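Asker: have a look; sequence and predicted model below, questions after that.
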Amino acid sequence: MAITSNWCRCTSCHAGYGWKDNSFDFSDASRIDCLVCHDTTGTYKKTPTACGKEKPGLDLVTIAQNVGRPSRATCGACHFCGGGGDGIKHGDLDSTLIHADKSHDVHMGGKDFSCQKCHKTHAHKIAGVSTTSAVSEGRIGCEDCHPKRPHAEDNPIIKSLNDHCDAVACQTCHIPTFAKAKPTLMSWDWSKAGIDPEKGSKMEKGECYPKHFKKKGVLTKGQNVKPVYAWYNGKQHRYLAGDPVDLDGTTTLNGPDGNIKDPDAKITPYKLHQGVQPADAVYKYLIIPKLWKGYWKHFDWNKASEAGMKAAGLKYSGKTAFVKTDMYWRLNHEVVPKEKALSCTDCHKKDGAINFRALGYQGDPAVVGGRKKHQALRD
């Protein structure tokens, strides 16, 4: 699923006016929507299907007279509610963070951090580390504020946690669960779209759609979810339009790079989003369907695929298959106080939080040895 041929529906969430096709001029300053970030009245709204244009009837004079620095609420207007509802997309970002307490997030709740406290901004370039698009405006990490060995050195048990930092990301221990306050989307089955939902399928409170939604298929959500863990060295493998897919297995769209032998990789927590989406059964790549003013109108995958692939400049065989996909969303928010972080026994026990064998260890590293010893044995 991609923006191509669905421009005006997708670009309603982005900070630009008139982004209706791939000829959009990003260098044209008149296309920049300043108010979407700098409105402090809370009244500025976008029209969902108008290529980024503001909602009619707004008091733009009053809004313009009350611009200011972005707050968690203004950042969250997009980032908390992307994907169709509060907390739906990321899993560690939702409206709870506007007025969070310390137990929910030590930074935004405990210390009242603004988003830009960590996401440093220079000349409107906002630093971050995305798992779904290229990082071009600067990278941030826990080490920007915390030392590489952040734990006390005067206690041998606590001191050992500093050694963990060589192979374990800070987030792994300090984000033991995610979606603590709001449910997040965990799977999306597009193959069930176009089918009338069963009687009794109701809209969930605060959401834009029920579990089975004719326009989008079957969507399942989770709350207080335990992360999946993977090695991550700061790079991602990203699926690009036209790349091959596994018609019979699962295609990973943005897998983290790294493994147990990679000295730069650390065990990192993720929300794993599982999907079922259309692919070309002959050319064996994902289909980019025309959804807006396309499939959502006529519910014909063939018509939607033909129109979308033509806009994308890719061949369409006329034969559609549905394939499984995985998407990794790295967890960085909802950091809990140290008292609620994972303890030694949470991981180093039978069926603990981390499956060490799946990460390449021969067993629990507390028993078989850490990564350096493990690498030496393998080499």
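Answerer: Received, thanks.
Asker: contacting residues around Glu153?
Answerer: By Cβ atoms under 8 Å, 6 or more residues apart in numbering, the residues touching Glu153 are Lys159, Asn162. C-beta here means a position set from N, CA and C on the backbone, and glycine is covered the same way.
Asker: as a check, name the ranges of all helices in the stretch 151-300 of the chain.
Answerer: Here the stretch 151-300 of the chain has its helices, by DSSP state H, counting those that start in this stretch, at 156-164, 170-174, 296-298.
Asker: next SSE downstream of the last one?
Answerer: With elements assigned by DSSP states H and E, the helix or strand that comes after helix 296-298 is helix 301-312.
Asker: can you name the residues in contact with that following helix?
Answerer: If you take Cβ under 8 Å, 6+ apart as the criterion, helix 301-312 is touched by 2, 4-6, 194, 241, 278, 280, 287-291, 294-295, 298, 315-316, 318, 320.
Asker: report the buried members of the residues you listed.
Answerer: Buried by 16 or more other Cβ atoms under 10 Å: 4-6, 194, 278, 280, 287-291, 294-295, 316, 320, out of those.
Asker: restricted to strands, list those residues.
Answerer: With strands taken from DSSP state E, the overlap with the buried ones among the contacts of helix 301-312 comprises Pro278, Asp280, Thr320.
Asker: how about those residues in TSV, adding pLDDT and distance to Ala304?
Answerer: Listed next are those as TSV, based on pLDDT from 0 to 100; distance: Cβ to Cβ, whole Å:
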residue	pLDDT	distance to Ala304
Pro278	97	8
Asp280	97	13
Thr320	95	9
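Asker: show me what contacts His164?
Answerer: Cys173.
Asker: per-residue pLDDT, it?
Answerer: Per-residue confidence (pLDDT) for His164: 91.
Asker: can you pick out the most distant pair from the buried ones among the contacts of helix 301-312?
Answerer: The span of the buried ones among the contacts of helix 301-312, defined through Cβ to Cβ, is set by Thr4 and Gly194 at 20.7 Å.
Asker: which stretches of the stretch 201-350 of the chain have low pLDDT?
Answerer: Applying pLDDT under 70 to the stretch 201-350 of the chain flags residues 201-210.
Asker: how about the ones in strands among the buried ones among the contacts of helix 301-312 in JSON lines, adding distance to Val336?
Answerer: Compiled in JSON lines, those are given as follows (distance: Cβ to Cβ, whole Å):
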{"residue": "Pro278", "distance to Val336": "39"}
{"residue": "Asp280", "distance to Val336": "44"}
{"residue": "Thr320", "distance to Val336": "44"}
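Asker: OK, contacts around the residue lying closest to Pro227 once chain neighbours are set aside?
Answerer: Leaving aside its sequence neighbours, Pro227 sits nearest to Pro269 (Cβ to Cβ, 6 or more residues apart in numbering; 3.5 Å). Neighbouring residues of Pro269 by Cβ under 8 Å, 6+ apart: Ala169, Gln171, Thr172, Ile175, Phe178, Pro227, Val228, Tyr229, Arg330, Leu331.
Asker: what's the most buried one of the helices of the stretch 151-300 of the chain?
Answerer: Neighbour counts (mean count of other Cβ atoms under 10 Å) averaged over each of those peak at helix 170-174, with a mean of 22.
Asker: what's the span of stretch 290-310 from first residue to last?
Answerer: 10 Å (Cα to Cα, to the nearest Å).
Asker: now the helix or strand containing Thr74: buried residues?
Answerer: Element membership for Thr74 (DSSP H and E) is helix 72-79. Across helix 72-79, burial judged by 16+ other Cβ under 10 Å covers Arg72, Thr74, Cys75, Gly76, Ala77, His79.
Asker: hang on, the third one packs against Cys115?
Answerer: If I follow you right, that is Cys75. Yes: contact criterion Cβ atoms under 8 Å: Cys75 and Cys115 qualify, at 4.5 Å.
Asker: so how far is Glu339 from Leu93?
Answerer: Going from Leu93 to Glu339 by Cβ to Cβ, to the nearest Å gives 23 Å.
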